[in-house]
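Got a predicted structure here, sequence first:
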Amino acid sequence: MAGEGTPAAHPGPVEPPVLLEVSQVPELPVPDPGHEARMYAVVTVTVRRPAGPDTRRAPAPDQGPRHAVVFLIDHSSSMVNPPTRMATARNAAAAAVQAVPDGAYFAVVAGRDRPATVYPEQPPGGRTLALADDMTRRAAEDALRACHPGGGTAIGSWLGRARELFAGLPGGGADFVRHALLLTDGRNEPGYESREELTAAIADCAGQFTCDAVGIGDGWDTGELLLITTGLNGTAHAFEESDPTGPLPARLHDLTRQAAERDLTGLRLRLYRSDNAELRSFAQVHPTRRTLRPVEETEFLREFATEPWGDETRSYLLSLSARHTAGAGGAELMLTEVELVRDAAVRPTVELPPSRPVVVRWSGDHGLYSRVHPDVGHFLHQEDLVRYFEEGCAALRAQDDGTARRALGRAWQLAVEVGDDAMREHLEKLVEPRADGAVELHARIRRFDIETARIRTSYTKSHR
């Protein structure tokens, strides 16, 4: 307690819990009659999660959404080759289970050609999840280690089982943040499930839960992992080794913990356009590249849902066509207004920032309109990086070394320019940079190194 005459300490300024920024250069050249100009802007949303109770405990119903997680662990026959793979998967799954907060709901599913709920034990078709505490987490680990692999791989059926389990939550799961964590060493097998059936299963699960997918070994399919994580708003990861003491258990633990900390739900990005603009594209570009689909759309409004938030920042690249009108030179005109909205009934309540405009100022000064905002330029460069990398991979598959060398060389240069050290590390497994800035292809390039680099392209590095 301060002594008499001692001034009371005042806390410093408190940062708002949700921030909204728009980065752009407003100047554009006046287009030729009948033509439009293209405006780019980066929309950045930051959520500052307040310090609160230990995340080992789930929140009370009036404090925010509860958490539920279903672990989908591959138990097909391929998991026994090499023998260490199953041990690695079990250790990783056990570490993930230990990260489930007290009071959250969870279940463990063994994935084969048909899914089986390993824990909690229940009759076929049952939809029971366990309430997490020390006893149930230990019981789940014991049940997982007692489960034996066998059969084939049908990942869509595993996702469908997760959807069924989430539907068995109190209230049908509407007040829960629902997360699935998938670990697999392989791909869907002919005779068990087709790509079309997997795609349909993902569509059925979209909006019901998010899903992170982890490939272990070298037999998984990059296209399938990215199809799942893109459709279910998750992240993809790959691990080559089958070392039970390697980094995989720590990664699955972290993914589970991070999902449990995303307790701010219901945020939506709303874009109002003026008569002078047309929305061309709007996509998440950080921390992962993700296509957004509007949940509401009218002539002048589009609204995009966002997944639950923890303490994090996400950026979105906005592209507009801007129309010039007579007499508009020099005046600042609004093209689009960006607003964060949320249902007032959703808990916990949070103060939202004011809307932000995206504007245009028509100019004949080339020095002004030739500028690009650093944030915009950074993410446009990353889009180019992905394009050149995919072109190089396609050329490698076609055994067109000349095209592969040129495309991967340009991808290398862009990775250096944007400071993406992780992508550079992946590219160094495919090419050898030369002093003149070009690259040479390695004599032997492993499929695993190409595919892990493809997964890396779904991530981006922030400019800030």
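Perfect, I can see it now.

Return stretch 119-134 as CSV; C-alpha atoms alone will do.
Output of stretch 119-134 as CSV, limited to C-alpha atoms (Å, rounded to 0.1, in the frame of the first residue of the first chain):
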residue,chain,number,x,y,z
TYR,A,119,-11.8,-43.1,-26.3
PRO,A,120,-14.3,-42.6,-24.7
GLU,A,121,-15.5,-46.2,-25.3
GLN,A,122,-19.0,-46.3,-26.8
PRO,A,123,-21.3,-48.3,-29.0
PRO,A,124,-21.1,-48.0,-32.8
GLY,A,125,-22.5,-44.7,-33.9
GLY,A,126,-22.3,-43.2,-30.4
ARG,A,127,-21.6,-39.5,-30.1
THR,A,128,-20.0,-39.2,-26.6
LEU,A,129,-17.0,-37.0,-25.8
ALA,A,130,-15.1,-37.2,-22.5
LEU,A,131,-14.7,-34.2,-20.2
ALA,A,132,-11.0,-33.6,-19.8
ASP,A,133,-9.2,-34.0,-16.4
ASP,A,134,-6.1,-35.9,-15.3
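
who touches that stretch?
For stretch 119-134, the external contacting residues (C-beta atoms under 8 Å, 6 or more residues apart in numbering) are 58, 68, 70, 100-108, 117, 136, 139-140, 143-144, 164-165, 167-169. From N, CA and C alone the C-beta is placed, and that goes for glycine too.

Buried residues, it. List them.
119-120, 129-130, 132 (16 or more other C-beta atoms under 10 Å).

same thing with stretch 426-438?
Using 16+ other C-beta under 10 Å as the test for burial, stretch 426-438 gives 426-428, 430-431, 433.

Likewise for stretch 402-416?
Counting neighbours by 16+ other C-beta under 10 Å, one finds that the buried residues in stretch 402-416 are 404-416.

can you give me the mean pLDDT across that stretch?
The average of the pLDDT scores along stretch 402-416 is 95.

circling back to that earlier point, out of the contacts of stretch 119-134, which end up buried?
By 16+ other C-beta under 10 Å, the contacts of stretch 119-134 give 58, 68, 70, 100-101, 104-108, 117, 136, 139-140, 143-144, 165, 168-169 as buried.

Any idea how far stretch 155-162 is from the middle of the chain?
20 Å (C-alpha atoms, centre = their mean, to the nearest Å).

Identify the residues contacting it?
With contact meaning C-beta under 8 Å, 6+ apart, stretch 155-162 is reached by 70, 72, 109, 111, 113-115, 117, 180, 182, 184, 187-188, 193, 197-202, 204-205, 209, 211, 224, 228, 232.

Just the ones of these in helices?
Among the contacts of stretch 155-162, the members found in helices (DSSP state H) are 197-202, 204-205, 224, 228.

out of the residues you listed, which is most surrounded?
Among the ones in helices among the contacts of stretch 155-162, residue 228 has the most neighbours (other C-beta atoms under 10 Å), with 26 neighbours.

and it, what does it touch?
Contacts for residue 228 (C-beta under 8 Å, 6+ apart) come out as 155, 159, 182, 198, 202, 211, 213, 234, 236.

where does the stretch 151-300 of the chain dip in pLDDT?
Scanning the stretch 151-300 of the chain for pLDDT under 70 picks out the ranges 241-245.

what about the helices in it?
Using DSSP state H, counting those that start in this stretch, the helices of the stretch 151-300 of the chain run over residues 155-167, 195-205, 222-231, 248-260.

Tell me which of those helices lies nearest to residue 304.
Closest approach to residue 304 among these (C-beta to C-beta): helix 222-231, 15.2 Å.

Just want the angle from the closest one to helix 195-205.
Following axes from the mean of the first three to the mean of the last three C-alpha atoms, to 10 degrees, one obtains 20 degrees for the angle between helix 222-231 and helix 195-205.

didn't residue 455 look like it was pressed against residue 223?
No: taking contacts as C-beta atoms under 8 Å, residue 455 lies outside contact range of residue 223: 10.6 Å.

can I get the helices of the stretch 151-300 of the chain in CSV with distance to residue 353?
Shown next, in CSV, are the helices of the stretch 151-300 of the chain (distance: least, C-beta to C-beta, whole Å):
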stretch, distance to residue 353
helix 155-167, 32
helix 195-205, 32
helix 222-231, 28
helix 248-260, 24
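
Can you check which of the ones you listed gets nearest to residue 389?
Between residue 389 and the helices of the stretch 151-300 of the chain, the tightest spacing by C-beta to C-beta is seen for helix 222-231, at 12.5 Å.

can you pull the buried residues of that closest one?
So for helix 222-231, counting by 16+ other C-beta under 10 Å, buried means 222, 224-231.

do stretch 146-161 as well
Within stretch 146-161, the residues scored as buried using 16+ other C-beta under 10 Å are 147, 149, 151-161.
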